[in-house]
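Undergrad: Next comes the sequence, and after it the predicted model I'd like to discuss.
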Amino acid sequence: MSKIYDPYLNVIDVMTEAMEIGQMDKYMFEIIKNPQRETKVYLPVEMDNGDVKVFEGYRVQHSNIRGPFKGGIRFHQDCDLNEVKALATWMSLKCAVVNIPYGGAKGGVRVDPNELSHRELRRLTRRYAFAIEPLIGADTDIPAPDVNTNAQTMAWILDTYSMLKGKPCPGVVTGKPVELGGSNGRNSATGRGVAISTKLILAQDNKTFEDVSFAITGMGNVGGNAARILFHRNATIIALSDVSGGIYCEKGLDADEISRFLEIKGNYLKDYQADGVLHISHEEVLTCNCDVLIPAALENQINEDNADRLQCSYIVEGANGPTTVEADKILEEKGITIVPDIFANSGGVIVSYFEWVQNIQSLTWGRDEVKEMLEKIMTDAFTELLEETKKCACTLRMAAYIVALKRLIYAEEIKGIFP
């Protein structure tokens, strides 16, 4: 039986190993590994029936050494401070590994949004935005969507913040509607980044999307967009899962049709029916015989209890922290190549950076221009990771952490310790 999973200890363990392999300054590392600020807020919200509920919210600012804090906001019933600390740390590493001028942060509210009406969700979001308003801003900390939040959520935060400031402040959030200053291509950016990461790793073995089969866990923004993008590039997707369970078809699933089905409120994969489609469990999706596994749900999907049963050749991490430290060792022994989360799912924050630049300079870029710049940044970063794997004789995950930590530690060293 695996030990109790702690996402924050998990990321610290990986960072520590990378620090040792990369022979970095351990004193600077002590500064980098600790968040700069942890904030907990309590959010009273009047429900539709007149009752008042108090929700717990968080905002953790891990590092702004290389630029303003940056990170999403998630609404989830299991959200807690330790998870948000881990996610904020991953954001600092993610921004550093792709070399964009941001630090890392993350926010969350402990709530099951499916239990709230639209009006209750709006009131909760506005109350949360009011509570963290002293912390955020276009040049200090820029939130974005995450699990169970979207462009509408960002629109509510933007409006609340702008009302408090008495002027439009489009740069305070990214991932907002295009009509309110959002960027073309932002909604699909994380999934697109996962597809780009997959293309880059397959090319190392002279393979293309058409040569391999895929299994994807999670059909939210990341997994859903990745599935559609891969499907449009003639990939064979044999298994998919969402919160209700999984589906499997050896000949391939129609990601477009499935996405349209899931867009109907109340529909889940457990309800999807089509010729040749079998209903399977989450675990069976993870362990099915496929070439590329894309875990795109929450953390701790692949652990020491199931890692030895995985049958894939590649794992491209669409979610943050889907693989535990213990599972990493097992997968390495099995010869499974992992493209780590801090690189593989960086497409969202890269295009958030583009959105932010457009906002502060009053610019608008087209979708093709955004896609081209995204692919260039990820390709350049991947080349650096490959060089680091050769230099340190390490995995891609270790290479990504080493590259990121070196940038963070160097920034800390040249900045110096205040006072």
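TA: Now that the structure is in, tell me what you want to look at.

Undergrad: from the chain's centre, how far out does the helix or strand of the chain with the lowest mean pLDDT sit?
TA: Least confident helix or strand, the chain: helix 26-33 with a mean of 92, by mean pLDDT, DSSP states H and E. On the basis of Cα atoms, centre = their mean, to the nearest Å, helix 26-33 sits 24 Å off its chain's mean C-alpha point.

Undergrad: Show me what it is packed against.
TA: helix 7-21, helix 396-415 (3 or more Cβ pairs under 8 Å, 6 or more residues apart in numbering; DSSP states H and E). (C-beta placed from N, C-alpha, C; glycine too.)

Undergrad: mind giving me TSV with these and columns for mean pLDDT and mean neighbour count?
TA: Compiled in TSV, those are given as follows (pLDDT from 0 to 100; neighbours: other Cβ atoms under 10 Å):
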stretch	mean pLDDT	mean neighbour count
helix 7-21	95	19
helix 396-415	96	21
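
Undergrad: export those to a markdown table and tack on distance to residue 390?
TA: Converted to a markdown table, those look like this (distance: least, Cβ to Cβ, whole Å):
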| stretch | distance to residue 390 |
| --- | --- |
| helix 7-21 | 13 |
| helix 396-415 | 9 |
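
Undergrad: To residue 206, which of the ones you listed lies closest?
TA: In terms of Cβ to Cβ, the element of the helices and strands packed on helix 26-33 nearest to residue 206 is helix 396-415, at 17.8 Å.

Undergrad: Residues in contact with the closest one: which ones?
TA: The list of residues contacting helix 396-415 from outside it, by Cβ atoms under 8 Å, 6 or more residues apart in numbering, reads 14-15, 17-19, 21-22, 24-25, 28-29, 31-32, 63, 65-66, 92-94, 96-97, 99, 201, 328, 337-340, 342-343, 381, 384-386, 388-389, 392, 394.

Undergrad: Any of those residues buried? List them.
TA: Among those, those buried by neighbour count (16 or more other Cβ atoms under 10 Å) are 14-15, 17-19, 21-22, 24, 28-29, 31-32, 63, 65-66, 92-94, 96-97, 201, 328, 337-340, 342-343, 381, 384-385, 388-389, 394.

Undergrad: now stretch 360-370: mean pLDDT?
TA: In this model, stretch 360-370 has an average pLDDT of 94.

Undergrad: On the pLDDT front, check residue 3 for me.
TA: Note on residue 3: pLDDT of 66.

Undergrad: can you tell me the helix or strand for residue 71?
TA: Per DSSP states H and E, residue 71 falls inside strand 69-76.

Undergrad: Only alpha carbons, please: show that strand as CSV.
TA: Provided in CSV are the C-alpha atoms of strand 69-76 (Å, rounded to 0.1, in the frame of the first residue of the first chain):
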residue,chain,number,x,y,z
PHE,A,69,3.6,35.8,-9.5
LYS,A,70,1.5,33.8,-12.0
GLY,A,71,-0.9,30.9,-11.4
GLY,A,72,-4.4,29.6,-11.8
ILE,A,73,-7.3,29.4,-9.4
ARG,A,74,-9.1,26.1,-8.9
PHE,A,75,-12.5,25.3,-7.3
HIS,A,76,-12.5,21.8,-5.9
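
Undergrad: What strands line up against that strand, and which way round?
TA: Strand 69-76 has the following strand partners under DSSP bridges: strand 104-110 (parallel), strand 141-145 (parallel).

Undergrad: Show me what whatever helix or strand comes next after the first one packs onto, helices and strands only.
TA: Using DSSP H and E, the next helix or strand after strand 104-110 towards the C-terminus is helix 118-132. When contacts are defined as 3+ Cβ pairs under 8 Å, 6+ apart, helix 118-132 packs onto strand 37-46, strand 52-63, strand 69-76, strand 104-110, helix 151-165.
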